[in-house]
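Student: could you look at this predicted model? Sequence included:
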Amino acid sequence: MEMTQTAEFSCLSQLSETQIQSVEAIAMDMSAAYVKAAKQVLPLAENKIVHDRFHIMQMATAAVDKVRRGEHRELLKNDDDRLTSTKYVWLTSYNNLSEKQRKVFDDAYSLQLETGKAWAHKEMLRDLWSQDNAASATAYFKDWYKRVIRTKLEPLKTVARSIKERLQNVVSYCTHRITNAVAEGMNSKIMSIKRRVGGFRNLQNFKTAIFFYCGGLSLNPQ
């Protein structure tokens, strides 16, 4: 089989044969390029891929926002501003909202609009990753999927279909219990370093800055 030299493949192919054979699981988003690269390099990759739950929840949250934007436009046509200034409260975890923001959310949610229904379905999806094993997670998803598909929430239905296509590698989290959290945190730090100086013209200087800040080094004298 001919292997396409994509960036994803090039990264994995740098592993030694011993390292490749020792890989038990690999977390990634649902990008077809990532899946293809993993299958080209890792033996039995289909059983080792775990689609990152944080990326999936980001997709679901984006779908809720799309529902909100569409519904908000329709409401405004009738001079109904009930969803005005509520964007942030739908996008942020309820536990992270201030008392004032929770009041805004509670008032908006009590209106029983389509946006509130989309948010509720999104929150139900979150419980998939708390299931004890892949079998129970699969059963939980199938029930969630039926509920969503019966709604008129098209953005959320699109997310549901995407998950269904890759379900085996979504519920595999319940077997391997890994996420991209550490890598995502590191990437955020790197992007912060880049923004701080408006970008690096010299790649080596950029690497040095990454090693310095992400390596926990300090110039403060002991």
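Tutor: Nice, I can see it. Numbers count the residues shown, from 1 in each chain.

Student: which residue ranges of the protein form helices?
Tutor: Assigned by DSSP state H, the chain shows helices spanning 7-13, 17-22, 32-41, 53-76, 87-91, 99-109, 114-126, 134-149, 154-165, 168-171, 173-176, 181-196, 203-214.

Student: export these as JSON lines, with columns for distance to residue 47 and mean neighbour count.
Tutor: Backbone N, C-alpha and C define where each C-beta goes, glycine included. Shown next, in JSON lines, are the helices of the chain (distance: least, Cβ to Cβ, whole Å; neighbours: other Cβ atoms under 10 Å):
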{"stretch": "helix 7-13", "distance to residue 47": "16", "mean neighbour count": "14"}
{"stretch": "helix 17-22", "distance to residue 47": "14", "mean neighbour count": "9"}
{"stretch": "helix 32-41", "distance to residue 47": "11", "mean neighbour count": "17"}
{"stretch": "helix 53-76", "distance to residue 47": "18", "mean neighbour count": "18"}
{"stretch": "helix 87-91", "distance to residue 47": "34", "mean neighbour count": "16"}
{"stretch": "helix 99-109", "distance to residue 47": "40", "mean neighbour count": "14"}
{"stretch": "helix 114-126", "distance to residue 47": "23", "mean neighbour count": "20"}
{"stretch": "helix 134-149", "distance to residue 47": "11", "mean neighbour count": "16"}
{"stretch": "helix 154-165", "distance to residue 47": "17", "mean neighbour count": "17"}
{"stretch": "helix 168-171", "distance to residue 47": "9", "mean neighbour count": "21"}
{"stretch": "helix 173-176", "distance to residue 47": "9", "mean neighbour count": "18"}
{"stretch": "helix 181-196", "distance to residue 47": "21", "mean neighbour count": "12"}
{"stretch": "helix 203-214", "distance to residue 47": "32", "mean neighbour count": "12"}
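
Student: for the ones you listed, give me TSV that also has mean pLDDT.
Tutor: Output for those, formatted as TSV (pLDDT from 0 to 100):
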stretch	mean pLDDT
helix 7-13	68
helix 17-22	92
helix 32-41	90
helix 53-76	97
helix 87-91	97
helix 99-109	97
helix 114-126	98
helix 134-149	98
helix 154-165	98
helix 168-171	98
helix 173-176	96
helix 181-196	71
helix 203-214	79
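
Student: skipping its backbone neighbours, what lies nearest the spatially most central residue of the chain in space?
Tutor: What sits nearest the mean C-alpha location of the chain, by Cα atoms, centre = their mean, is residue 55, with 1.1 Å. Distances taken as Cβ to Cβ, 6 or more residues apart in numbering place residue 29 nearest to residue 55, at 4.0 Å, with adjacent residues excluded.

Student: thought that neighbour was touching residue 52?
Tutor: Yes - at 5.4 Å, residue 29 counts as touching residue 52 under the criterion of Cβ atoms under 8 Å.

Student: more neighbours, the two?
Tutor: Using other Cβ atoms under 10 Å, the more surrounded residue of residue 29 and residue 52 is residue 52, with 21 against 15.

Student: which residues sit in contact with that one?
Tutor: Listed by Cβ atoms under 8 Å, 6 or more residues apart in numbering, the contact partners of residue 52 are 27-29, 179-180.

Student: looking at those residues, which is nearest residue 133?
Tutor: Nearest to residue 133 out of the contacts of residue 52 is residue 179 (Cβ to Cβ; 17.2 Å).
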